[in-house]
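*Asks:* Here is my input; please provide its structure:
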Amino acid sequence: MKKIIRFILLFTLALAAQSIFSDVSTPITDIREPETPSMNGWLNRYVAKEPTRIAEKWSREKLARVLLKQFFEHFKSADAGSKHRIEEFKIHEVRIFDVDKSDPERSNNCDYGVHATYSVRTTIWNFSDWRAGNGHEASGNWMRNKGEFFGVYKKDSDHCLKRIGTGW
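*Replies:* Numbering: from 1, shown residues only. Next comes the predicted model:
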């Protein structure tokens, strides 16, 4: 008899909770603590940028390297969150390529593309998102030789870097 009463009580509580939350107009996901710029789409939230008046004087490769350095420096800061924070990074190779700007979808709305190979040393190992994708694990919390595509585009008075991912 006690089991039946307990079941009915739990069932009633579950129904009550469901009706309470179904009337809420804000999704439950919006009730979490505020996100840092790098959480949920963690790599896409931070935008590295350089003023156009400065960037115009540089080669495309130099601009890409400056923007990539800013991008990775961001993940050394507390804003990155513990799961995404890195201790250090090394940019190994930067290759620039043209995109077909007449096709915005294909060009990712970028002026040109960048492929970078890099290594990062994470602050934590087991749960770090840097372990996903390509590259290989090395001692000392390093992920070596990761490869990624980025795009450079102009917005207002800045040249900006956009993370595209492992495939363009």
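
*Asks:* Could I get the contacting residues of residue 100?
*Replies:* Shown in contact with residue 100 (CB atoms under 8 Å, 6 or more residues apart in numbering): 106-107. For every residue, glycine as well, the C-beta is placed using N, CA and C.

*Asks:* Doesn't residue 5 lie inside a helix?
*Replies:* Yes. With DSSP: H, G, I helix; E, B strand; the rest coil as the criterion, residue 5 is part of a helix.

*Asks:* How much space separates it from residue 74?
*Replies:* 56 Å (CB to CB, to the nearest Å).

*Asks:* Then residue 138?
*Replies:* Taking CB to CB, one finds residue 138 at 23 Å from residue 74.

*Asks:* Between the two, which has more neighbouring residues?
*Replies:* residue 74 (20 against 12; other CB atoms under 10 Å).

*Asks:* Local confidence estimate at that one?
*Replies:* According to the prediction, residue 74 has pLDDT 93.

*Asks:* Residue 31 too?
*Replies:* 32.

*Asks:* One more: residue 13?
*Replies:* 63.

*Asks:* And residue 44, by the same measure?
*Replies:* 58.

*Asks:* which stretches of this protein form strands?
*Replies:* Per DSSP state E, the chain carries strands over the ranges 49-51, 86-98, 112-122, 136-138, 142-155, 158-165.

*Asks:* Let me know which of those is the nearest to residue 60.
*Replies:* Evaluated over those, closeness to residue 60 peaks at strand 86-98, with 4.9 Å, by CB to CB.

*Asks:* Nearest spatial neighbour of residue 85, chain-adjacent residues omitted?
*Replies:* residue 123 (4.5 Å; CB to CB, 6 or more residues apart in numbering).

*Asks:* Tell me how many other residues surround that neighbour.
*Replies:* Residue 123 has 16 nearby residues by other CB under 10 Å.

*Asks:* again with residue 71
*Replies:* Neighbour count for residue 71, taken as other CB under 10 Å: 23.

*Asks:* about what we covered before: can I get the strands of the chain in a markdown table with mean pLDDT and distance to residue 69?
*Replies:* A markdown table is the format used below for the strands of the chain (pLDDT from 0 to 100; distance: least, CB to CB, whole Å):
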| stretch | mean pLDDT | distance to residue 69 |
| --- | --- | --- |
| strand 49-51 | 97 | 10 |
| strand 86-98 | 97 | 7 |
| strand 112-122 | 96 | 10 |
| strand 136-138 | 93 | 21 |
| strand 142-155 | 96 | 12 |
| strand 158-165 | 93 | 10 |
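
*Asks:* That's all I had, so thanks and see you.
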